[in-house]
Structure formats: C-alpha cells, structure tokens
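turn this into a model:
(chains A and B)
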Amino acid sequence: MMNRSLLLKLLSAFIVFGTWEIAGRIPVSYAFPTFIESMKALFDMTVDGRLFAAYGETLKPLVIGVIISAIVGIAVGLWSGLNEWFDWLFSPIFIVMQAAPLAALIPLLVMIYGIGLTSKIFVVCIMAMPVIVLNTAGAVRNTPSSLTEMGRSFQASNWEVILKIIIPAASPVIFSGLRLGVSAGFIGAILSELKITPTGVGDIITYSRSIADYASMYAAIFSIIVLAVLFLNVLEKIERFLFEGNNRGYASD
Amino acid sequence: MQRFIKRLTAPLVAIPLLFGLSTSTVFADKIRIALAETPSDELAAFFVALDRAKANGLDYEWTAFSDEELAIQAVLSGQMDIGFGTPYSAMQRSKAPLRIIFQLSKLKFFPVTNKKYSKLEDLAGEPILLHSRGGGTDSIANVIEDKMGFKFGKRSYVPGSSNRVVALIAGQADATIIDLSNKNKVVRQQGDKFNVLPMFDVEASDEALFANLDWIQSNEEDVQIFVNALLSTWQDMNEDPTIISKETNPDGPIGQLPKEILDELDGFYTDAIAGGLYDANGGGRKGAQADMEWYSQAGQLEGDPASLNVEDFWYMAPLDAAMAK
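Predicted coordinates:
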C-alpha cells in the first residue's frame, strides 16, 4: 500500500514537471522557462549560497511573527474559548483580520511601522494569528461537556479542569491551528517582501524579474513551495506522533 | 454520480471556451497598450498623442499594470501588444524578438541629499536609497560608481520617487536619487535643507515604447499612425509645453485627475522640456546608441557596447517614416 502511494506521488510529480517542461519548450510565453532551466538556476543559486542567504533574511520576520502569533494566539484563543464575555469582545477583531484583504492594508502598515522588519512581522502576524486564535477558541469551547462535568464531580478546581481536561482535549485542534497559522505566515512573509521592500527570497523574485532572468525567478518561487510543503509535512508528522488517533484532514493525504 | 460529474464538467469546459472566444473577437483589431503605471501627470503627453492617433483612426485600449516588469511580461506573453519601459535585459536574455520603436522619456534623475553632502565624491561609502535592484536608479548608481571610482555604502530600495522624498524629508535616508519633478518639488519647498548634487548628463532612455517585432510588422499601419502621433506631439511639446494641458481631453483618464494635478501640468512640462526629459525626435539612432552605452555600463546589457547591434534592440522604420513626413 505504501509503495502504491509513493508511486502515485512520483507519477503526479512527473506529470506536473513534464507538463511544465513541455509548456516551457513550446514556449507558451517567452517569459516562461522550462523545468530543466529553472532547476539549473535553482542548483546554481544553492551552490553559490545565494539561496541560503536569502532564506536567512526571509525567515527572520517569519520565525519572529509565527512565535508571537503562537504565544499571543493560543493565550487569546484559550481565554476567549473559556470566557464568553472575552470572546464577544475579541473574536470579531480576529474574524475581521482574517477577512481583510491584507495586500490593501500594507500601505497603512508601512505608514505606521515604516519599511523595516516591524511591518513585515506585522504582516506575518495578521496572516497567522487569526487561524490560531479561532481554532484554539473553537477547540476549547467544544470540549465535551461530559469530560468537564466528570472533572467537577471529582471535585477538580477550575485550574485543574483547564490544565488536565480542557487543554489536553483541545490540543489536537490547537496544533492544527498552529500548522495552518505557519502556512498562512509563509504567505505573509513572502507577501511582505514583495509589497514592502524586497529582501530575501522576495528580492530574488523581483530582481530576477527585472533583469528578465525568468529561470531564477521561477526557481525562487519553486523553492518557496518546496520549503513550505516540507515544513508542513514535518509539522504533520509531529502532530500524528503527538495526537495519535486524532487524525483530521491532512494536506499530504 | 456520473451525471453529476458531467454536469459539473460541462460549464467548466464551456466557460473558459466562451470567454476565450469572446475576448479574442472583441480585441481583434484594437491594439492593446500595457502601461507601467496608472495615468498620472507624467503620462499626460502620452495620452495627448493617443488622442491624436485616435483622430487618425487608431483603435486602442490600455491597461495599467502595477509595475514595469509585469507590463514587460504581459507583452512577452502576447497578452498585450505594446508595452512601456526599457526591457533591454529581457531583449538580450529571452528569445523574444522585442524591439523599441519610440523613446518616450530620458533617464533624468538627480542625486538629492541632506546638507551633509555637497558633491558626488562625498557619497563614497555612504548608504543610498534607490528605486529597485536592477532598476533605472540602480543603473545610475552603478554608472556613478564607475565614473567616480568609488563605491556607495548599503543600497536600500523604496519604489517611487515621491516615496523616497518622503523618506528623505522624514530623515529615514540621507541620500537618494529622484526624478525631475520630485527634485523640483524638493528644491522649491525645502531647498534650504537639501542639496541637489551636480551630476553628468544622461542621454539614455527611461521609458520607451516596445513591441514584438512580428506584431509590429503585421500591424505596420497602426504602428505608423501611432508613431506619427507620438512624434508630432513630442515635437509640438518641445516648442510649446503648454499644448499638453490644452489638448488634454477633459473626459479622458488624465482629464479626470484632481484639479491640483491638472493645474500643475504646464509647470511640469515646462520644467521637463527645460530639463531635456523629452527628446523631440523620439530618441532614434542617437538615443539607441546612448542606450547601448548606458545599459552596458550599468550592467543590464552584456557585451561590449560597440559590438552590440542596434537593430537587435530598436526597430527604426516607423520613426524614420514619421521623420521623413
């Protein structure tokens, strides 16, 4: 069974890259390189270290933003899941954040926080935090009431109910929220590099485009997708390991 | 289930097909122009030329892209016919037969700094704010380094001259390179706080019109009308810059701009003509030669400028014909 799934994955990769190669050879557009050209550009970038330097730059706002979002997001989510009044006060903010067209808000962020790292971290947080908060709040709110009632009938204090029943019961969904938050954060980090000031991978994309080196541009985009997929797969593996038996909707299935 | 899939796939196939058919018939004989920015005072002369071309039977439509590279990509992909910009590296690197047919404006940019600096040499090792990596101001910085024999410090990038002026005034940057109209604004409003450093003259193109050679040759007539209109506008404008505001169609995209901008049009074009921003002859061979030298020196064209063939980058026939008239 495992072999079949691997085979199917390889086959679909082959079809996608084959189509890319053919489309590049026709060519569908002069601005569209072949798969082999793009991979060669990716190889060159990796060998001369440009790619690593770029990711060092890009990961800064991403890591800081995701850490802030995770800490603040889980705290706010727990609180609003436990307290209806707090939920009523704060949930709308995160629903608005999630629905707002971020690219249109960037000029506003730049006006307030300038063109540096702060604005980029904010973009990552705006992307990542709402999913984390809303998932956490939902998970806490939906803790089976039979479990909490059982705890209370055994004379558990409020803190014990929260720490020993609610949080363990909610953690699979909280972790899914984190995973979704990280993938949204990826989008935010790249968006901020393309729309605020080009640094890191965003700089490779814009610079390659401005000198018409389309192979490098596609190589950079490809590397982001690969990195995001790999990272999310690792998170999924951790999730499966931690919460065996609680599997729900994975990207890699 | 099968019926469901059939019902689902039918519109999925039909909708793009219908869309494709309808768009291709609608746009069949209109030329599609890709602008690299939204209509602004800088594009007023271009729209006056478009109006003149329309009076002579040219049917067109324009789309504003958010940046020059996207406009170039759209022309490369054949979604647009004529683009706006200086796609020299795209011409040399991609196999696309792109050719420039008219120089719209020259690369007239000025190093503006606070009072710390008074000549270019003072900027050695100092940080500078530019438009984008690989862009026009970046090429100016490269050539300054080359000619003056020093290196700038850290280069940071903020797109848009007006945004760089904001950063300069706010004290976030000490030195930048900005365009003519923004330089004039700074000198007028805060001349006592900032210096415009004296610099050598640049004759190379900033914005030029380009298209795919195959498309130019199969639409010879439309291209000729367009280039005639551009050349006549550019020549008239060099004699009297106020014709731009006089000829601007009040219902067109420029006429719809805020009154404050429209009131400034005469001033903008008078300054621009005095500063040599618009070449009365659309660049031509002289402009093309200047471009070869400039963009080679700036690192956007590879190879020795003397060995580069102008014919690989410019298509002169429409401009020659317009000049002969």
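
helix, strand, or coil at residue B:277?
Look at residue B:277: counting by DSSP: H, G, I helix; E, B strand; the rest coil, its state is coil.

contacts only, for it.
Listed by C-beta atoms under 8 Å, 6 or more residues apart in numbering or on different chains, the contact set of residue B:277 reads B:105-106, B:108, B:180. The C-beta positions use only the backbone N, C-alpha and C, and glycine is treated the same way.

give the next helix or strand downstream of the host helix or strand of residue B:69.
According to DSSP states H and E, residue B:69 maps onto helix B:68-76. As assigned by DSSP H and E, the chain's next helix or strand after helix B:68-76 is strand B:82-85.

distance between the next helix or strand after that following strand and the chain's centre?
Helices and strands here follow DSSP H and E; after strand B:82-85, the next one along the chain is helix B:88-93. In terms of C-alpha atoms, centre = their mean, to the nearest Å, the centre of helix B:88-93 is found 16 Å from the chain centre.

on that earlier part again, give me the subset of the contacts of residue B:277 that lies in strands.
Residues of these located in strands (DSSP state E): B:105-106.

what's the closest of the contacts of residue B:277 to chain A?
Distance to chain A, by C-beta to the nearest C-beta, is smallest for residue B:105 among the contacts of residue B:277, at 18.3 Å.

next up, the contacts around that closest one.
Counting by C-beta under 8 Å, 6+ apart, residue B:105 makes contact with B:42, B:205-207, B:277-278.

same thing with residue B:214?
Contacts here follow C-beta under 8 Å, 6+ apart; on that basis residue B:214 touches residue B:97.

circling back: report all helices and strands that the helix holding residue B:69 contacts.
helix A:200-210, strand B:31-35, strand B:82-85, strand B:205-212 (3 or more C-beta pairs under 8 Å, 6 or more residues apart in numbering or on different chains; DSSP states H and E).

ok, the second one: who's next to it in the sheet?
Its sheet considered, strand B:31-35 pairs with strand B:60-64 (parallel), strand B:82-85 (parallel) by DSSP bridges.

point to the residue nearest the middle of chain B.
Using C-alpha atoms, centre = their mean, the residue of chain B that lies closest to the mean C-alpha position is residue B:207, 2.6 Å off.

list the beta-bridge partners for that one.
Beta-bridge pairing of residue B:207, defined through DSSP bridges, involves residue B:105.

ok, now which ones touch it?
Contacts of residue B:207 (C-beta under 8 Å, 6+ apart): B:36, B:84-86, B:103-105.

switch to 7 Å and redo it
B:84-86, B:104-105 (C-beta atoms under 7 Å, 6 or more residues apart in numbering or on different chains).

how close does the residue nearest to residue B:103 when sequence neighbours are not counted sit to residue B:213?
Of all residues not flanking residue B:103 in the chain, residue B:283 sits nearest, at 2.6 Å (C-beta to C-beta, 6 or more residues apart in numbering or on different chains). In this view, residue B:283 and residue B:213 are 17 Å apart by C-beta to C-beta, to the nearest Å.

and residue A:201, by the same measure?
On the measure of C-beta to C-beta, residue A:201 and residue B:213 end up 34 Å apart.

which residues of the stretch 101-250 of chain A fall in helices?
A:102-113, A:117-141, A:145-153, A:158-160, A:167-195, A:200-210, A:214-242 (DSSP state H, counting those that start in this stretch).

element containing residue A:6?
Assigned by DSSP H and E, residue A:6 falls in helix A:2-25.

quick one: buried residues of the next helix or strand after that helix?
Heading C-terminal from helix A:2-25, the first helix or strand you meet, by DSSP H and E, is helix A:35-47. Buried residues in helix A:35-47, counting neighbours by 16 or more other C-beta atoms under 10 Å in any protein chain shown, are found at A:35, A:37-39, A:41-42, A:45.

what mean pLDDT does helix A:35-47 have?
Across helix A:35-47, pLDDT averages out at 95.

residues making contact with it?
Contacts with helix A:35-47, where a contact means C-beta under 7 Å, 6+ apart, come from A:17, A:20-21, A:24, A:51, A:215-216, A:218-219, A:222-223.

could you redo the helices of the stretch 101-250 of chain A as TSV and give each row distance to chain B, mean pLDDT and mean neighbour count?
Below are the helices of the stretch 101-250 of chain A laid out as TSV (distance: least, C-beta to the nearest C-beta, whole Å; pLDDT from 0 to 100; neighbours: other C-beta atoms under 10 Å in any protein chain shown):
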stretch	distance to chain B	mean pLDDT	mean neighbour count
helix A:102-113	9	84	14
helix A:117-141	12	93	25
helix A:145-153	38	92	12
helix A:158-160	49	92	10
helix A:167-195	10	91	22
helix A:200-210	4	90	24
helix A:214-242	7	90	17
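
related to what we said a few turns ago, pick the most deeply packed of the strands paired with strand B:31-35.
With neighbours taken as mean count of other C-beta atoms under 10 Å in any protein chain shown, those reach their highest mean count in strand B:82-85, at a mean of 26.

other residues contacting that strand?
B:31, B:33-36, B:68, B:71-72, B:74-75, B:207, B:209-211.

farthest pair in those residues?
Taking C-beta to C-beta, the two most distant members of the contacts of strand B:82-85 are B:31 and B:68; they sit 19.1 Å apart.

quick one: residues contacting residue 243.
Here I'm looking at chain A. A:171-172, A:175.

the chain in question should be chain B.
B:236-237.
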